[in-house]
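Trainee: Return a 3D structure for these sequence lines:
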Amino acid sequence: MQDYDVLIIGGATSGAYFAKKTAKLGHSVKIIEKLSPEKLGTKMDIVHLTKTDLKTFDIPTVREGDPGWAFEFSDNGFGSPSNRYRTPVPAETVGLHLHEYTALMVKEAADAGAEIEYNAAFKEFLFTDGHISGARYDTPEGEKEINAKVVVDCSGADALPRRSLPNGYGIERFKLADDDMFYVILRYAKFDEPQENTFWLNTKSWFAPFSMNSCEKIIGTGATGGFENAEREAAKLDSVTSHGNFELIKTEKGVTPFCRPPYSLVADSFIVAGDSACLTKPDCGEGITSSMVMIDTAVEVLDKALKNGDVTKEALWEINRAYNRIQGASFSLVRAFLTKLVGAVTDDEIEYLFSQGLVFNSKFLGDEKPTAQDLIKTVTGILSAIPKKYISAKTTAAALSGMRLGAELYALYMNFPKSPGYLPLWSARVQKLWDRVGKVAGSHS
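Mentor: Modelled structure (predicted):
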């Protein structure tokens, strides 16, 4: 039986990134990946990462002609329902072929010293004295076992390892339901005329490039609740927009987690990351770089724990606290606010909010973090619109409720418990707030 410091389940972007960062610190790392090298990273063709992200996370920088590179662009934005108003969110962005780029990330992990075994499907955990000590997995050659001081679940949205934990082990074992997932349909299309890169909240739809040709766009639509809802959003987009004729090249479908993460991301000898931990952005569902934020923190804490010979949940607990201070608290605020707002707002109200620069701006929909002043400005703007009948009392009440709940969640996540013993009391308070927030509506009315 093989022995490693860290076993990572899942070799896509999160798993490869975690492996590289950990191996570079001198720890022995093994990745087991259920797919073959030819199938890894093929769930969709194109992903977009900003040049700032590539530099911040020190992941492969590719240029025209390199494997994985598809195109570059800097124009992006959010559009009002009528397309009269558009909020630009500029960023130098690289379009990447996901399969080839994932292979580059795996190579970086291997170059750092990590090992990867393909066609290796997690089966169950190994335990010593009640604590995880490795895993058993299936391969074409038969069943194998690996001993590891820490096991990391980067297996994806299905999160089989996390869901296989013993009851009471310290991490929630919930399985994502249809209303916890964002179902996405991507239509690759060639238009007769150039199109802008735009996201429309009212139809949960977007135009994004897949080449340097401004006439070639991905028509993306999505919704919670199932692909049927996403299909309805696609039909709605086609009926309310007039972007000209296009030739359909191909269609892709995919899903991404669209709910809060487990309250704790660690347990004894165990860490959950990536889509397994639901670490996706609350405004768009993107999870590659938002997961890397958590992984950077996790690797730093894990390095100290391994060097100290203590990988209990107490030794790993700072991962929870640091992640929530850096990103988790802000994500909770935005998720609560947008969930309430999207469930109530009408197209006409969205149009007005765009015209006033309220809500649909870089503070709430970009990479910036909204401040208390931003919330006050938004509340004041919405309240002033009620007498003019630009915003209904129903929508105002929903927005104010979302802000209030978001602010309470933000405060609680920023003050995440200092030790595991306080988690049950904390999570009970937080769960009551999430129950009041509810789920994102499957389709916009």
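Trainee: Any regions of the stretch 301-445 of the chain where pLDDT drops low?
Mentor: Across the stretch 301-445 of the chain, the ranges flagged by pLDDT under 70 are 360-372, 375, 441-445.
Trainee: show me the contacts for residue 244.
Mentor: Taking C-beta atoms under 8 Å, 6 or more residues apart in numbering, we find residue 244 in contact with 191, 192, 193. (C-beta placed from N, C-alpha, C; glycine too.)
Trainee: got a pLDDT number for the residue most central in space within the chain?
Mentor: By C-alpha atoms, centre = their mean, the chain has its centre lying nearest to residue 280, at 1.7 Å. pLDDT recorded at residue 280 is 95.
Trainee: now the contacts of residue 244 as TSV including secondary structure and pLDDT?
Mentor: Converted to TSV, those look like this (DSSP: H, G, I helix; E, B strand; the rest coil; pLDDT from 0 to 100):
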residue	secondary structure	pLDDT
191	strand	93
192	coil	91
193	coil	91
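Trainee: Can you give me the domain boundaries for the protein?
Mentor: Split into domains by automatic domain parsing, the chain comes to 2-69+96-174+261-316, 179-257, 327-437.
Trainee: What's the ChimeraX line that selects buried ones from the contacts of residue 244?
Mentor: The ChimeraX selection below is limited to those of the contacts of residue 244 classed as buried (16 or more other C-beta atoms under 10 Å):
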select :191
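Trainee: and of the contacts of residue 244, the nearest to residue 232?
Mentor: residue 191 (22.4 Å; C-beta to C-beta).
Trainee: before we move on, the earlier item: could you verify that the residue nearest to the centre of the chain is part of a strand?
Mentor: No: assessed with DSSP: H, G, I helix; E, B strand; the rest coil, residue 280 is coil; it does not lie in a strand.
Trainee: wait, what's in contact with it?
Mentor: Residue 280 sits next to 182, 256, 257, 258, 286, 287, 290 when contact means C-beta under 8 Å, 6+ apart.
Trainee: would you turn the domains of the chain into JSON lines with distance to residue 79?
Mentor: As requested, those are arranged in JSON lines below (distance: least, C-beta to C-beta, whole Å):
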{"stretch": "domain 2-69+96-174+261-316", "distance to residue 79": "14"}
{"stretch": "domain 179-257", "distance to residue 79": "4"}
{"stretch": "domain 327-437", "distance to residue 79": "8"}
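Trainee: Which among those domains is found nearest to residue 76?
Mentor: domain 179-257 (4.8 Å).
Trainee: Distance from that closest one to the middle of the chain?
Mentor: 19 Å (C-alpha atoms, centre = their mean, to the nearest Å).
Trainee: residues in contact with the spatially closest residue to residue 64 that is not a sequence neighbour?
Mentor: Excluding the flanking residues, the one nearest residue 64 by C-beta to C-beta, 6 or more residues apart in numbering is residue 72, at 7.8 Å. For residue 72, the contact set (C-beta under 8 Å, 6+ apart) comprises 64, 92, 93, 94, 95, 212.
Trainee: Could you count how many residues lie near the nearest residue to the last one once chain neighbours are set aside?
Mentor: Same thing as residue 212. Counting by C-beta to C-beta, 6+ apart, residue 71 is the residue found nearest to residue 212 once chain neighbours are left out, at 4.5 Å. Burial of residue 71 is recorded as 17 neighbouring residues (other C-beta atoms under 10 Å).
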